[in-house]
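Peer 1: Could you look at this predicted model? Sequence included:
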Amino acid sequence: MTVSQTSEPATDTEPVLKPRLIVVSGQAGSGKTTLAHQLARQIGCPAICRDEIKEGMVHAHGPGFQADVSDPLTQRTYPLFFDVLRMLLEGGVTVVAEAAFQHPLWERGLDPLLPLGRLRVIRCVTSADEMQRRRRRRLAEVATRAAHADHTMTGAGTGVPTPWDAIHLDVPTLDVDTTNDYRPEIADVVAFAAE
């Protein structure tokens, strides 16, 4: 006995939403990498961190690499960072993107990605003294920081913020103080990112 089944072709009547692109930015030592990884874990998506990409490049470069502000690996990292974001967004993947770029670099890199995802921006802030303390501590304690020019940013804290052109696009934006835990609280930051 043969049983035949007929079924209607599957139709997807649900609208397909674009993935979210959650940018976490701020100066070096502002707490953005820690926040980016925490957001990615809670949302359930990858975190793509510019510094981690460069650290991976250093492994392939071999011994003797000397980090500088505009060294060749730094130059290669910028387009690769945005290429990875593009690939994930085109695949429908929500992603947290973290880097210490100032506004012009973010604007140039994000402009071609805007049609691919729903953009949210989170700007991490803390005092100049706290950023300096964090920079000095991680330079002394985190071996992978040798891939970066942290030595150029670890002078004595003056209490005066360095000039910084924070990302300022016409998209939903949230400032997060990372000095002691998070203000607003992490649950509110996750809710903002997931809107």
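Peer 2: Cool, got the structure.
Peer 1: buried sites along stretch 83-98?
Peer 2: When burial is assessed from 16 or more other C-beta atoms under 10 Å, stretch 83-98 yields the following buried residues: 84-86, 88-89, 94-98. Bear in mind the C-beta positions are built from the backbone N, C-alpha and C, glycine included.
Peer 1: now do the same end-to-end measure for it.
Peer 2: Start to finish, the residues bounding stretch 83-98 are 14 Å apart (C-alpha to C-alpha, to the nearest Å).
Peer 1: what does that stretch rub up against?
Peer 2: 16, 18-25, 32-33, 35-37, 39-40, 43, 45-50, 53, 81, 112-113, 116-117, 193 (C-beta atoms under 8 Å, 6 or more residues apart in numbering).
Peer 1: 6 Å - rerun?
Peer 2: 19-20, 22-24, 32-33, 36, 39-40, 45-49, 113, 116-117 (C-beta atoms under 6 Å, 6 or more residues apart in numbering).
Peer 1: Show me what the mean pLDDT comes to for that stretch.
Peer 2: For stretch 83-98, mean pLDDT rounds to 98.
Peer 1: related to what we said a few turns ago, just the buried members of the contacts of stretch 83-98?
Peer 2: 19-20, 22-24, 32-33, 36, 39-40, 45, 47-49, 113, 116-117.
Peer 1: among those residues, which are in helices?
Peer 2: Among the buried ones among the contacts of stretch 83-98, the residues falling in helices (DSSP state H) are 32-33, 36, 39-40.
Peer 1: Nearest to residue 165, out of those: which one, please.
Peer 2: residue 32 (15.5 Å; C-beta to C-beta).
Peer 1: Give me the pLDDT for that closest one.
Peer 2: 96.
Peer 1: try residue 149
Peer 2: In this prediction residue 149 is given a pLDDT of 54.
Peer 1: coming back round to it: output the ones in helices among the buried ones among the contacts of stretch 83-98 as CSV; include the columns distance to residue 57.
Peer 2: Listed next are these as CSV, based on distance: C-beta to C-beta, whole Å:
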residue, distance to residue 57
32, 20
33, 17
36, 19
39, 24
40, 21
